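**Student:** Predicted model and sequence follow; I will ask about them next.
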Amino acid sequence: MGEAKTKRIFVQQAMPKLSVEERVRSFREVALGYTREQAVAEAKRCLQCKEPKCVEGCPVGVDIPSFIKLIEESKFDGAIKKIKEKNSLPAICGRVCPQEDQCMRQCILGRKGDPVNIGALERFAADYELETGVKTPKVTTSTGRKVAVVGSGPAGLTAAAELTKLGHKVTIFEALHSSGGVLVYGIPEFRLPKETVGAEAEYVRRLGVDIKTNVIVGKMITLEELFEEGFDAVFVGTGAGLPRFLGIPNENLCGIYSANEFLIRVNLMKAYRFPQYDTPIKVGGKVAVIGGGNVALDAARSALRLGAKAVSVVYRRTEKEMPARLEEVKNAKEEGIKFTFLAAPTRFIGDDKGWVKKIECLRMKLGEPDASGRRRPIIIQGSEFMIDADTVVIAIGQKPNPLAVHAAKGIKITRWDTIVVDPKTQETSMKGVYAGGDITTGDATVISAMGAGKRAAHAIHEYLMNIHR
């Protein structure tokens, strides 16, 4: 096999990106997306397997080989139409879905070279449609049934879109002033532009979904009252919005943020555009972020863009065990983010004015694998060392906020505050109420939340078609 042919088949088209110099000075999107020529060239690498494994790795069941074949043939309108048969949020998924651990991991081509870059091709098709004009599909004749969706994150938007396509009248109730949930308050602009999220939410609205913002279900209206107002079923997709803390001394010093507060200020309240927007966030010269997931890297890279001189990520395992996407780790390193592995904070040290100045840490070593499959970190006694930091962001995960269902009678909650559901239907223990996403699983991915929303929508449809008023 010739060198050129080998490269064409086994090597991915590189994703164009902003230069590092441009990236660290702005919140502009880093990954720029394929050109038409690059997309067609990447699509040609697909083997068009007779029994494609990639589809098995997609939580929403996109017909991956078919849409890639359409891109190969430059039939871009057909490609996005094929994707949207299964996925209503392709521009979002193409950017933040961990394809490398799902569809791309199953790609047969990946056994001998690079897998087909399915995520980049999905993004290309979605962006092509956004540029040329989004087409709204015809919706099935109305069933006369009404469904309330609580939360407009990935699970809620997906459930709403699916239910509307099935002919039901859907209303989304969102607690914040902007729809999108974690997509707008949790993920920075440089990774997922707000304009993209807004366009996807607008598509769901154009399907016929009514989105009501600034409504806190569980506080302003209860689940029981939603049924009293005429809704026949409810889907709860309120995510995991409560921060976790380390529980170590002096964690309440000034300059220490939860990742939730830090990213909400930066993303939803646009602190990065102060004083044009009036919610600033103080970032010192030396920033330390505790954690190893995508949220930790989002916080670290945001801090760098906000003017920090040095940013480090402190993680208690090694790089191999980090749950963050490899692409984001690579981007962070390119931008100058430093990593301190096998280290865990034991206390914070402040000055006489109550501001954090140092983090005392212990060195760790790895033991046997724990329940997550990763090797368990073990403290090395007597290994204390200090890290200078005048800003700290704690990004060690989030837990669900079950406000929407706490007052409801008959809904079972686990000791982790997640809602108990049937894994096949997403049905809760309360009749007519379904739930999905992080509120049922704890911290997980955007695409897994979408998969749950889709399962719930079809289960709700079956339920609605078999109840009698």
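**Tutor:** Nice, I can see it.

**Student:** which residues does residue 164 contact?
**Tutor:** 139, 170, 204, 207, 208, 209 (C-beta atoms under 8 Å, 6 or more residues apart in numbering). For the C-beta atoms, the positions are set from N, CA and C on the backbone; glycine is no exception.

**Student:** Distance check, the closest residue to it other than its chain neighbours against residue 347.
**Tutor:** Nearest non-adjacent residue to residue 164, counting by C-beta to C-beta, 6 or more residues apart in numbering: residue 207, 4.6 Å away. Counting by C-beta to C-beta, to the nearest Å, the gap from residue 207 to residue 347 is 52 Å.

**Student:** Show me which of those two is the more surrounded one.
**Tutor:** Shown here are residue 207 and residue 347; by other C-beta atoms under 10 Å, residue 207 has more neighbours (19 against 14).

**Student:** Next one: the more buried one, what pLDDT does it get?
**Tutor:** As predicted, residue 207 sits at a pLDDT of 93.

**Student:** Where do the strands of the stretch 51-200 of the chain begin and end?
**Tutor:** For the stretch 51-200 of the chain, the strands defined by DSSP state E, counting those that start in this stretch occupy 146-150, 169-173.

**Student:** Mind giving me the packing neighbours of the first one?
**Tutor:** Using 3 or more C-beta pairs under 8 Å, 6 or more residues apart in numbering; DSSP states H and E as the contact definition, the elements that strand 146-150 packs against are helix 154-165, strand 169-173, strand 233-236.

**Student:** out of the ones you listed, nearest to residue 257?
**Tutor:** helix 154-165 (24.4 Å; C-beta to C-beta).

**Student:** can you tell me the average pLDDT over that closest one?
**Tutor:** For helix 154-165, the per-residue pLDDT averages 96.

**Student:** That one: how far from the chain's middle?
**Tutor:** A distance of 16 Å separates the centroid of the chain from that of helix 154-165, by C-alpha atoms, centre = their mean, to the nearest Å.

**Student:** Now it - C-alpha only, PDB.
**Tutor:** The C-alpha atoms that make up helix 154-165 are tabulated as PDB, following Å, rounded to 0.1, in the frame of the first residue of the first chain:
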ATOM      1  CA  PRO A 154     -29.400  18.200  27.300                       C
ATOM      2  CA  ALA A 155     -31.900  15.700  28.800                       C
ATOM      3  CA  GLY A 156     -34.800  18.200  28.900                       C
ATOM      4  CA  LEU A 157     -34.200  19.600  25.400                       C
ATOM      5  CA  THR A 158     -33.900  16.100  23.900                       C
ATOM      6  CA  ALA A 159     -37.000  14.800  25.700                       C
ATOM      7  CA  ALA A 160     -39.000  17.800  24.600                       C
ATOM      8  CA  ALA A 161     -38.000  17.500  21.000                       C
ATOM      9  CA  GLU A 162     -38.800  13.800  20.800                       C
ATOM     10  CA  LEU A 163     -42.200  14.200  22.500                       C
ATOM     11  CA  THR A 164     -43.100  17.100  20.200                       C
ATOM     12  CA  LYS A 165     -42.200  15.100  17.100                       C
END
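
**Student:** centroid residue for this structure?
**Tutor:** residue 446 (3.9 Å; C-alpha atoms, centre = their mean).

**Student:** With adjacent residues omitted, what lies nearest to that residue?
**Tutor:** That would be residue 154: by C-beta to C-beta, 6+ apart, it lies 4.7 Å from residue 446.

**Student:** Neighbours of the one you found, how many?
**Tutor:** 34.

**Student:** OK, contacts around it?
**Tutor:** 89, 92, 181, 182, 183, 237, 437, 446, 447, 449, 450, 453.

**Student:** Could you pull up the residues touching the fourth one?
**Tutor:** So the one you mean is residue 182. Contacts of residue 182 by C-beta under 8 Å, 6+ apart are 153, 154, 239, 241, 438, 446.

**Student:** swap in the second one?
**Tutor:** By C-beta under 8 Å, 6+ apart, the residues touching residue 92 are 154, 183, 192, 196, 197, 200, 446.

**Student:** mean confidence score for stretch 110-119?
**Tutor:** Average pLDDT, stretch 110-119: 94.

**Student:** Mind exporting the C-alpha coordinates of that stretch to PDB?
**Tutor:** Output of stretch 110-119 as PDB, limited to C-alpha atoms (Å, rounded to 0.1, in the frame of the first residue of the first chain):
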ATOM      1  CA  GLY A 110      -9.300   2.500  14.700                       C
ATOM      2  CA  ARG A 111      -7.900  -0.900  15.100                       C
ATOM      3  CA  LYS A 112      -5.100  -0.100  12.600                       C
ATOM      4  CA  GLY A 113      -5.000   3.700  12.600                       C
ATOM      5  CA  ASP A 114      -7.000   6.700  13.600                       C
ATOM      6  CA  PRO A 115     -10.700   6.100  13.900                       C
ATOM      7  CA  VAL A 116     -13.000   8.200  11.700                       C
ATOM      8  CA  ASN A 117     -13.500  11.600  13.400                       C
ATOM      9  CA  ILE A 118     -17.300  11.100  13.700                       C
ATOM     10  CA  GLY A 119     -17.700  14.000  16.100                       C
END
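
**Student:** what about residue 428, how many neighbours?
**Tutor:** Count around residue 428 with other C-beta under 10 Å applied: 26.

**Student:** Please apply the same query to residue 22.
**Tutor:** Using other C-beta under 10 Å, residue 22 has 11 neighbouring residues.

**Student:** Next: the one 10 residues further on.
**Tutor:** Other residues near residue 32 number 11, with proximity taken as other C-beta under 10 Å.

**Student:** The lengthiest helix in the chain: how far from the chain's middle?
**Tutor:** For the chain, the helix that runs over the most residues, judged by DSSP state H, is helix 446-464. Here helix 446-464 is found 17 Å from its chain centre; the criterion is C-alpha atoms, centre = their mean.
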